[in-house]
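Novice: could you look at this predicted model? Sequence included:
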Amino acid sequence: MNYQKFLPIAREAALAAGDLLHHHFSQELVVDQMEAHDIKLELDRRAQELIEKKLLSHFPETAIYGEEGISGDPNAEYRWVLDPIDGTVNFFYGIPHFAISIALQREKETVLGVIYDPMRKELWEAVEGGSVTLNQRPISVSKRTQLSDAVLSIGLSKSATVLKKALPRLTDMMQRARKCRIMGSATLDIAYVACGRLDAYIEGQINLWDIAAGALMVKMAGGFVDLRPHAADPYKYSIVASSGAIAFDPL
């Protein structure tokens, strides 16, 4: 199956949303909801609406599964999995580490991914059966083989159960790896794994829209992805996305 026809529109949608975010970065923002550990912005909704409009105008038969809402036929052959701002808290606080993630799934298997960092103007693209690139140049995962040389990114859920399990492991890895980072955007960090900047991204409880595009990229770039439905919440997952050259146990 040739999925290449979907890529130009997904790219166009990501770039358009990126322009919107870049324009509003460090500007006054409308907050829809302020939670203990998260922030929901009016701009999240507006960015997803912009992406949806572009995608559905060309592919009206597809469904949308996104952080800011779900629409279309849930049994459609194709669905777009969207996160209009992964790293909203970073964005709100003026920290330029966030990204737009767009994935296309066919029968719930990811076949295309686009990730865009509008602050650095970096665009990752992957199409099953084709190539995985950063700004149109082929990429591959890190070749480092020793944990002592590795830089890891860790995502920490706010769930007490997940934290209880993850913190001892984080302590162990902080002592054994070159560095561990907690950067606040799973989408962007997994893209960094795909292009070899990071050696692994690890998180015990995360949403599909944060990881669908990046997971495809890591696999296509020669890496390894261990993605498992969360035991207590079937709509969340645990993930280890790595170069594959260093072994990590699943969370």
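Specialist: Arrived safely, thanks for sending. Treat the numbers as computed from the prediction; the structure is a model and nothing was measured.

Novice: what number of residues lie near the closest residue to Asp199 other than its chain neighbours?
Specialist: Distances taken as CB to CB, 6 or more residues apart in numbering place Ala150 nearest to Asp199, at 3.8 Å, with adjacent residues excluded. Heads up, the C-betas are built off the backbone N, CA and C, glycines and all. As a burial measure, Ala150 scores 23 neighbours (other CB atoms under 10 Å).

Novice: same deal with Gly196?
Specialist: Neighbours of Gly196 (other CB under 10 Å): 18.

Novice: can you tell me the closest non-neighbouring residue to it?
Specialist: Per CB to CB, 6+ apart, closest to Gly196 is Ser142, 4.3 Å.

Novice: where does the prediction get shaky in the stretch 151-251 of the chain?
Specialist: Scanning the stretch 151-251 of the chain for pLDDT under 70 picks out 159, 250-251.

Novice: give me that answer again for 80
Specialist: Where the stretch 151-251 of the chain drops to pLDDT under 80, the residues are 157-166, 169, 230-235, 249-251.

Novice: where along it do the helices fall?
Specialist: Assigned by DSSP state H, counting those that start in this stretch, the helices in the stretch 151-251 of the chain fall at 160-176, 186-194, 208-220.

Novice: and these as TSV, adding distance to Glu35?
Specialist: Listed next are the helices of the stretch 151-251 of the chain as TSV, based on distance: least, CB to CB, whole Å:
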stretch	distance to Glu35
helix 160-176	16
helix 186-194	18
helix 208-220	16
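
Novice: can I get those helices in TSV with distance to Leu43 and mean neighbour count?
Specialist: Output for these, formatted as TSV (distance: least, CB to CB, whole Å; neighbours: other CB atoms under 10 Å):
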stretch	distance to Leu43	mean neighbour count
helix 160-176	28	13
helix 186-194	16	30
helix 208-220	16	26
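
Novice: minimum distance to Phe91: which of those helices has it?
Specialist: Phe91 sits nearest to helix 186-194 of all the helices of the stretch 151-251 of the chain, at 11.5 Å, using CB to CB.

Novice: just want the angle from that closest one to helix 208-220.
Specialist: Angle of helix 186-194 versus helix 208-220, following axes from the mean of the first three to the mean of the last three CA atoms, to 10 degrees, is 10 degrees.

Novice: the closest residue to Pro138 other than its chain neighbours: how many residues sit nearby?
Specialist: Take Pro138 and drop its neighbours on the chain: the residue closest to it by CB to CB, 6+ apart is Ser131, 6.1 Å away. By the measure other CB under 10 Å, the count of residues near Ser131 is 13.

Novice: on the pLDDT front, check Asn75 for me.
Specialist: Note on Asn75: pLDDT of 86.

Novice: residues contacting the spatially most central residue of the chain?
Specialist: Centroid-nearest residue in the chain, with CA atoms, centre = their mean: Thr187, separated by 2.3 Å. Listed by CB atoms under 8 Å, 6 or more residues apart in numbering, the contact set of Thr187 reads 83, 86-87, 99-101, 115, 210-211, 213-214.

Novice: what mean pLDDT does stretch 99-118 get?
Specialist: On average, stretch 99-118 scores 97.

Novice: and it, which residues are buried?
Specialist: 99-106, 110-118 (16 or more other CB atoms under 10 Å).

Novice: now the strands for the stretch 1-150 of the chain?
Specialist: 31-34, 39-41, 63-66, 69-71, 78-86, 99-106, 109-117, 122-127, 132-134, 137-138 (DSSP state E, counting those that start in this stretch).

Novice: using CSV, write out the CA atom coordinates for the fifth one.
Specialist: Yep, that's strand 78-86 we're talking about. Extracted C-alpha coordinates of strand 78-86, given in CSV (Å, rounded to 0.1, in the frame of the first residue of the first chain):
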residue,chain,number,x,y,z
TYR,A,78,-7.9,5.3,8.4
ARG,A,79,-7.6,7.6,11.4
TRP,A,80,-5.4,10.6,12.2
VAL,A,81,-3.8,10.6,15.7
LEU,A,82,-3.1,14.2,16.7
ASP,A,83,-1.4,16.2,19.4
PRO,A,84,-1.5,19.9,18.5
ILE,A,85,0.9,20.9,21.2
ASP,A,86,2.8,18.2,23.0
